[in-house]
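*Asks:* next come a sequence and a model predicted from it.
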Amino acid sequence: MTSGKGLGKGLSALIEVEEEPLVRGIRLRDIDPNPNQPRREFDPVALSELEESIRQNGVITPITVRRAGERYVIIAGERRWRAARAAGLNEIPAYVLDTDEDESFRLALVENLQRQDLNPIEEAMGYRKLISDLGLSQEAASEKVGRSRPYITNSLRLLTLPEPVREMLASGALTAGHGRALAALDEKKANEAAKAVIEGDLSVRETEKLVKRLLEGKDKQEPKKDDTLLLYVRDLERRLASTTGHRIAIKHGKKKGKLTIEYYGNEDLERICDALSRIENNK
């Protein structure tokens, strides 16, 4: 299995096989969606249009699956599978690959990136899963998906944004460029600025200028004697957030402090615990 192949190639180019896998018809009821599918949102209008196309022409492009015991799990083509079920088909053409769950997730992520099917938050969550679940560094993750390390770092920063702002990114109300600019602000300012960006229909450049003004205004109110320490703590928060993909808050006192890691759900918490365990084991 090749781990360093990335974007700009078809899915078949990401896998080393002795010969082109044969297309076979598989019963739809024997196929399960991928629980680790990077894509969370499916446009109902586009799905309905695909369903009608399949009714008229059938499934032209086979989906890609892997074996899971007596069943199959989708690697690529969940939209086609959903639309085929809605269209009343019994079978769907599919390539069957001999691959494990981790590699299947990587292939699914790359396939979605190639098609530009992921919103910025789905993309960032995909990178975080590669890093946390597979224990990869950002550099190794970048090699696996064919993105630069700075690109992945900037993408992970979007996950440090407050939930309302992340929802704006997921819905398309804000772009990834807007999100990267807003990530420099604290939670309250980020929420307020995001609303102002949408209401004013601000460009990314205009958003960057807005964020700069907000930061400069905030800095003027900071106690002068604590400027150096404050800047260090804020920089440390940003670096930890960029590395983990989670919002980090550090309260630093003279005798003690507190570090808070924001997470969403049990699965997110387990990833954090696994990451901490790996750090402990590597000592």
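*Replies:* Thanks, I have it. The structure presented is a predicted model; accordingly, all values stated were derived computationally and were not measured.
*Asks:* how close does residue 197 sit to residue 183?
*Replies:* Remark: distance between residue 197 and residue 183 (Cβ to Cβ, to the nearest Å) = 13 Å. In this view, the C-beta of every residue, glycine as well, is placed from N, C-alpha and C.
*Asks:* have a look at the two and say which one is more surrounded.
*Replies:* The residue with more neighbours, out of residue 197 and residue 183, is residue 197; 25 against 21, by other Cβ atoms under 10 Å.
*Asks:* which ones are touching that one?
*Replies:* When contacts are counted by Cβ atoms under 8 Å, 6 or more residues apart in numbering, residue 197 is found next to 174, 178, 182, 206, 207, 210.
*Asks:* which residue is the nearest non-sequential neighbour of residue 22?
*Replies:* residue 95 (7.8 Å; Cβ to Cβ, 6 or more residues apart in numbering).
*Asks:* burial of the one you found, as a residue count?
*Replies:* 21.
*Asks:* is it fair to say it lies in a strand?
*Replies:* Yes: counting by DSSP: H, G, I helix; E, B strand; the rest coil, residue 95 is located in a strand.
*Asks:* residue 59 and residue 74: what is the separation?
*Replies:* From residue 59 over to residue 74 (counting by Cβ to Cβ), the distance is 13 Å.
*Asks:* may I have the phi/psi pair for residue 149?
*Replies:* phi -60, psi -40 (degrees, to the nearest 10).
*Asks:* next secondary structure element downstream of whatever helix or strand residue 192 lives in?
*Replies:* Residue 192 is located in helix 187-200, with elements delineated by DSSP states H and E. Using DSSP H and E, the helix or strand that directly follows helix 187-200 along the chain is helix 204-221.
*Asks:* the residue nearest to residue 22 touches residue 65, doesn't it?
*Replies:* Yes: applying Cβ atoms under 8 Å as the test, residue 95 and residue 65 come out as touching, 7.2 Å apart.
*Asks:* so how far is residue 182 from residue 233?
*Replies:* To residue 182, residue 233 is 20 Å away according to Cβ to Cβ.
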